[in-house]
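> give me coordinates for this.
(2 chains)
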Amino acid sequence: MQEATFLILTALAAGSQHGYGILADVSQISVGRVRLRAGTLYTALDRLRGDGLIEVDREEIVDGRLRRYYRLTDEGSTRLAAEAARLQANARAALSRLGPAGGVAT
Amino acid sequence: MSDREDLERGYRRLLAYYPREFRHENEDEILGVLLASAPDGERRVGVAEAADLIRGALRAWLRPLRQCPLTVRAAVRLMYAGAVLELGYLATVIATEGSVRSAILARYPGLTAAQWHLVVLAHLLPDEIFAPVGIGLWLWMAWALGRGRYWARVVFSVIFGAATLSLLTALSQSAAIYAPADLAVGAAMWLVQAAGVLLVFSKPSAPFFQPNPNARFFRVAGSRP
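Here you go, the predicted structure:
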């Protein structure tokens, strides 16, 4: 799973969000390291909807513009949980091999 | 004209590169996000934002429609695999050119140099010319099938029929001339096409291919939650 996909799914894990909310949340989750742009976000959202990992929760009209809220599907939650567990196991293995110094050269 | 209107016009110009179906479904929403993300006083679309939108448009064109059934998605993936195989076939034909030349010489020992040259050209040139065309056809089919174009299934069936005839001819007449690797790649491409035909003519795929694309498009758009 690509990092952008992982972060978008993570942004939706706590509840439904609209596009701008996802952009802001992805930036916050990654501590400013990943800043998605609208073109990337919407092609990813379209793909994730096609793959059945997310779905539209509701639509609102705000200032005359459509605002669509997205949420994780059960399949999306399962895939995110599996990916998070895989990353956690990898990180644990790396940290344990680095030893107590955590990889800092002494 | 205000800064925002200038900026919105710039964004709309870039969003026009996206496929119609994608625009119909997402344009208004993307515009809202783009304008909300833009700094105050911004009048022109930034280079990074424009590059991101163009990249997104390219991806949207290459990918099947979101409403595409899983069977058609699988067929589209097969079309891309076919394009890769076709490229492999072209490479194989070029790489095995020497063995084809020797096989022709062994099979027709009495040929003059000019005749031998003509026979070699007749065997190799069509492959070397049509393989790039074939790559284009695979990609075109991937695009058309993924968008549910009504005619795509018909065109694909015709291409499959032509490929079947071509493979049978190669097996019956020229198997002794073509290198086994050429025939193996040709047969693999035929199998990919056969699987593609089965998938696009399967029952779950049928509703996606409507005679009138507008009818399908508006039915799908109207059925969104």
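> tell me the spacing between the residue nearest to B:Tyr18 when sequence neighbours are not counted and B:Leu145.
Excluding the flanking residues, the one nearest B:Tyr18 by Cβ to Cβ, 6 or more residues apart in numbering or on different chains is B:Ala57, at 4.7 Å. C-beta here means a position set from N, CA and C on the backbone, and glycine is covered the same way. Per Cβ to Cβ, to the nearest Å, B:Ala57 is found 20 Å from B:Leu145.
> neighbour count winner among these two?
Neighbour totals were compared for B:Ala57 and B:Leu145, and B:Leu145 leads with 27 against 20 (other Cβ atoms under 10 Å in any protein chain shown).
> roughly how far apart are A:Ala84 and B:Val76?
Distance of A:Ala84 to B:Val76, given as Cβ to Cβ: 30 Å.
> quick one: low-confidence ranges for chain B?
Scanning chain B for pLDDT under 70 picks out B:1, B:123, B:173-179, B:181, B:212-225.
> name the nearest residue to the residue nearest the centre of chain B, ignoring sequence neighbours.
The centre of chain B sits closest to B:Leu139, judged by Cα atoms, centre = their mean, with a distance of 1.3 Å. Take B:Leu139 and drop its neighbours on the chain: the residue closest to it by Cβ to Cβ, 6+ apart is B:Ala83, 5.5 Å away.
> next one: B:Arg101
B:Val120 (5.6 Å).
> what are the buried residues along the helix or strand hosting that neighbour?
Taking DSSP states H and E as the definition, B:Val120 sits inside helix B:113-146. Applying a neighbour-count criterion of 16 or more other Cβ atoms under 10 Å in any protein chain shown, one finds B:116, B:119-120, B:123-124, B:127, B:131, B:134-135, B:137-146 buried in helix B:113-146.
> ok, whichever residue of chain A sits closest to chain B - how many residues close by?
Nearest residue of chain A to chain B, counting by Cβ to the nearest Cβ: A:Gly39, 3.1 Å away. Per other Cβ under 10 Å, the neighbour tally for A:Gly39 reads 26.
> thinking it is in contact with B:Leu58, fair?
No - using Cβ atoms under 8 Å, A:Gly39 is not in contact with B:Leu58, being 9.8 Å away.
> what parts of chain A come near chain B?
Residues of chain A that fall close to chain B, judged by Cβ under 8 Å from any Cβ of the partner chain: A:19-20, A:23, A:37-43, A:46-47, A:49-50, A:55-56, A:58-59, A:62-63, A:65-68.
> can I get the CA coordinates of stretch B:116-131 in PDB?
The C-alpha trace of stretch B:116-131 is given here as PDB (Å, rounded to 0.1, in the frame of the first residue of the first chain):
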ATOM      1  CA  TRP B 116      16.100 -15.100 -49.700                       C
ATOM      2  CA  HIS B 117      16.100 -11.400 -48.700                       C
ATOM      3  CA  LEU B 118      12.500 -11.100 -49.800                       C
ATOM      4  CA  VAL B 119      11.400 -14.200 -47.900                       C
ATOM      5  CA  VAL B 120      13.200 -12.900 -44.800                       C
ATOM      6  CA  LEU B 121      11.500  -9.500 -45.100                       C
ATOM      7  CA  ALA B 122       8.100 -11.200 -45.700                       C
ATOM      8  CA  HIS B 123       8.500 -13.100 -42.400                       C
ATOM      9  CA  LEU B 124      10.000 -10.500 -40.200                       C
ATOM     10  CA  LEU B 125       8.800  -7.100 -41.400                       C
ATOM     11  CA  PRO B 126       5.100  -7.600 -40.700                       C
ATOM     12  CA  ASP B 127       6.000  -8.500 -37.100                       C
ATOM     13  CA  GLU B 128       8.300  -5.600 -36.600                       C
ATOM     14  CA  ILE B 129       5.800  -3.200 -38.100                       C
ATOM     15  CA  PHE B 130       2.700  -4.600 -36.500                       C
ATOM     16  CA  ALA B 131       4.000  -5.100 -33.000                       C
END
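> next one: it to chain centre, how far?
Taking Cα atoms, centre = their mean, to the nearest Å, the mean C-alpha location of stretch B:116-131 is offset from the chain mean by 25 Å.
> now chain B against chain A: closest residue?
Closest approach between chain B and chain A, counting by Cβ to the nearest Cβ: B:Gly56, at 3.1 Å.
> next one: the host helix or strand of that residue to chain centre, how far?
In the assignment (DSSP H and E), B:Gly56 maps to helix B:47-62. Centroid separation between helix B:47-62 and its chain, computed with Cα atoms, centre = their mean, is 19 Å.
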